[in-house]
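Undergrad: My questions are about this predicted structure, shown below with the sequence.
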Amino acid sequence: MVDTPIVIVVVMGIMFVVGIYMAVIEMKKMGIKEIIKRHPVIAAREILKPISKIQDIIPIIENHHENWDGNGYPGHKSGMEIPISSQIVLLVDAFYAMSQDRPYRQAYTIDEIIQIIRKESGKQWNEQLVEDFIRLIKEK
């Protein structure tokens, strides 16, 4: 059983790297769009399920691309059907992605990120979680 937030973060980081490796292997077999939509299930069920000590985080991984309004993947869950830990991972992952340079765009500023997150509040993310997250960012 995973019993500390640090262990959860470390395991999820390892899962991310392993998931990318597995996705590349799967991409050779299927189309890219299908793999992107399946990666949470591949990571959770095919990579991590055999590891008995981390069963608690499998639902977090499986649901970390589910959007608040049900337009996410892989299960099209919505609202409180999505574990709060998955909602947090989705929001933090989006924040991190927007804060980094990409080959196709420069990193957004904190103010731009906050504006984008607010715009998608209630669609992609839980509105209360968004407000709490933005308050934490502004405190720093």
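TA: Perfect, I can see it now.

Undergrad: what comes up buried for stretch 132-140?
TA: Phe133, Ile134 (16 or more other Cβ atoms under 10 Å). Placement of C-beta: from N, CA and C, glycine included.

Undergrad: Would you mind pulling the contact partners of that stretch?
TA: The contact list for stretch 132-140 (Cβ atoms under 8 Å, 6 or more residues apart in numbering) reads Leu91, Val92, Phe95, Ile110, Ile114, Ile117, Arg118.

Undergrad: With stretch 72-79 instead?
TA: If you take Cβ under 8 Å, 6+ apart as the criterion, stretch 72-79 is touched by 37-38, 40-41, 62-63, 65-70, 82, 90, 124, 126.

Undergrad: show me where pLDDT drops low in the protein?
TA: 1-36, 39, 42-49, 52 (pLDDT under 70).

Undergrad: Show me where it has its strands.
TA: Assigned by DSSP state E, the chain shows no strands.

Undergrad: Domain map for it?
TA: What automatic domain parsing lists as the domains of the chain is 1-62, 84-140.

Undergrad: what's the first-to-last distance across the shortest one?
TA: Domain 84-140 has its terminal residues 23 Å apart, counting by Cα to Cα, to the nearest Å.

Undergrad: if I pick the nearest residue to Asn67 once chain neighbours are set aside, what's in contact with it?
TA: Nearest non-adjacent residue to Asn67, counting by Cβ to Cβ, 6 or more residues apart in numbering: Gln124, 4.7 Å away. Listed by Cβ under 8 Å, 6+ apart, the contact partners of Gln124 are Asn67, Trp68, Asp69, Asn71, Gly72, Leu90, Ala94.

Undergrad: rerun that using 10 Å as the cut-off
TA: Gln124 sits next to 65-69, 71-72, 87, 90-91, 94, 116-117, 130 when contact means Cβ atoms under 10 Å, 6 or more residues apart in numbering.

Undergrad: just Pro50 next, same as before
TA: Counting by Cβ under 10 Å, 6+ apart, Pro50 has no contacts.
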